[in-house]
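Engineer: With the sequence up front, the predicted model follows.
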Amino acid sequence: MSADRAGTLDQAALAADLSELDVDDWPAPLLDLYRGKMSADKVYSEAASRDAQTATNQKCEADFYIGEWQLARKNETAAKPLLQQAASECPHNFLEYFTAQVELKRQS
């Protein structure tokens, strides 16, 4: 995410790094978003295709990471509501809950 926001994300290096991981399920859709191989809408669709609690948790993660992805593309208008959702809806023990709050303060 940091490299993406800085505009220095090396897609070839990312693909090489990810090829070493055994990720066929979640969070693979999020990784595919950053690789340019999946749309945000498809990420949400993948997040929702689980049992209710897992879908809720994965939507929280999707909101945060898609919000960050939007920020990397200088689209603060699209990012802010996603980060607000993550800050209000994520379980309080999730990293995304805390990080969304920090990001929103930085955007203020």
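Structural biologist: Cool, got the structure.
Engineer: Need phi/psi at the spatially most central residue of the chain.
Structural biologist: Residue closest to the average C-alpha location in the chain (CA atoms, centre = their mean): residue 65, at 1.5 Å. Taking degrees, to the nearest 10, you get phi -70, psi -30 for the backbone angles of residue 65.
Engineer: so what pLDDT did it get?
Structural biologist: Note on residue 65: pLDDT of 98.
Engineer: Hmm, it is touching residue 30, no?
Structural biologist: Yes - applying CB atoms under 8 Å, one finds residue 65 in contact with residue 30, separated by 4.9 Å. (Glycine included, C-beta is placed from N, CA and C.)
Engineer: dump the residue contacts of the spatially closest residue to residue 84 that is not a sequence neighbour.
Structural biologist: Excluding the flanking residues, the one nearest residue 84 by CB to CB, 6 or more residues apart in numbering is residue 104, at 6.6 Å. Counting by CB atoms under 8 Å, 6 or more residues apart in numbering, residue 104 touches 80, 83, 84, 87.
Engineer: element containing the first one?
Structural biologist: Residue 80 is located in helix 76-89, with elements delineated by DSSP states H and E.
Engineer: Work out the gap between the helix or strand following that helix and the centre of the chain.
Structural biologist: Using DSSP H and E, the helix or strand that follows helix 76-89 towards the C-terminus is helix 95-107. Here helix 95-107 shows a centroid-to-chain-centroid distance of 13 Å under the convention CA atoms, centre = their mean, to the nearest Å.
Engineer: can you start the count at 181 instead of 1 from here on
Structural biologist: Sure, I'll start counting at 181 from here, so that last one is helix 275-287.
Engineer: Helix 275-287 to helix 256-269, inter-axis angle?
Structural biologist: Angle, helix 275-287 to helix 256-269, by axes from the mean of the first three to the mean of the last three CA atoms, to 10 degrees: 130 degrees.
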